[in-house]
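**Student:** Dropping the sequence and predicted coords here.
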Amino acid sequence: MMATLKMSFFFANLLKQLLLHNEFLFCKPLETTTTAHDVFDTVGSFLKEHKISWEKVCGVCTDGAPAMLGCGSAFQRLVLNESPKVIGTHCMIHQQILAMKTLPQELQEVMKSVINSVNFVKANTLNS
């Protein structure tokens, strides 16, 4: 039997000297389940360990999974309970993929061709 390990990656936009910086914050494994409470506890323990108040969190961006965006006890709701000013958003990349699914078939084929071309160039450093 193969063990599956889920990783959570967290990034932060920091305001330093009036300039916005996007930085990698931390990465931790979610070794058992990937519920909203598991993710919330992971983020909460990181914030506590580094003496960062939930009040400093102003936004969360997630992939749109029910555990992240759903009603009641989803991750964004748990964060809002700690810091009511937080703005929750759905990751732009995931929004674009979802929007592509509603395109007419002809445009979907064009998008697939563009995506394949971009991926080819990115995957082969000599091509970029």
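**Tutor:** Received, thanks. None of the values given here were measured: they were computed from a predicted structure. Numbers count the residues shown, from 1 in each chain.

**Student:** And the longest helix anywhere in the chain, how far out from the chain middle?
**Tutor:** Ranked by residue count and defined by DSSP state H, the top helix of the chain is helix 105-123. Offset of helix 105-123 from its chain centre (Cα atoms, centre = their mean, to the nearest Å): 23 Å.

**Student:** Skip the chain neighbours and tell me the closest residue to the residue most central in space within the chain.
**Tutor:** Nearest residue to the geometric centre of the chain (Cα atoms, centre = their mean): residue 62, 3.8 Å. Spatial nearest neighbour of residue 62, chain neighbours left out: residue 68 (3.6 Å); criterion: Cβ to Cβ, 6 or more residues apart in numbering. C-beta here means a position set from N, CA and C on the backbone, and glycine is covered the same way.

**Student:** From what I see, the residue nearest to the centre of the chain and residue 91 are in contact.
**Tutor:** Yes. If you go by Cβ atoms under 8 Å, residue 62 and residue 91 touch, sitting 6.6 Å apart.

**Student:** Would you mark the buried spots in the longest helix of the chain?
**Tutor:** Buried residues in helix 105-123, counted by 16 or more other Cβ atoms under 10 Å: none are found.
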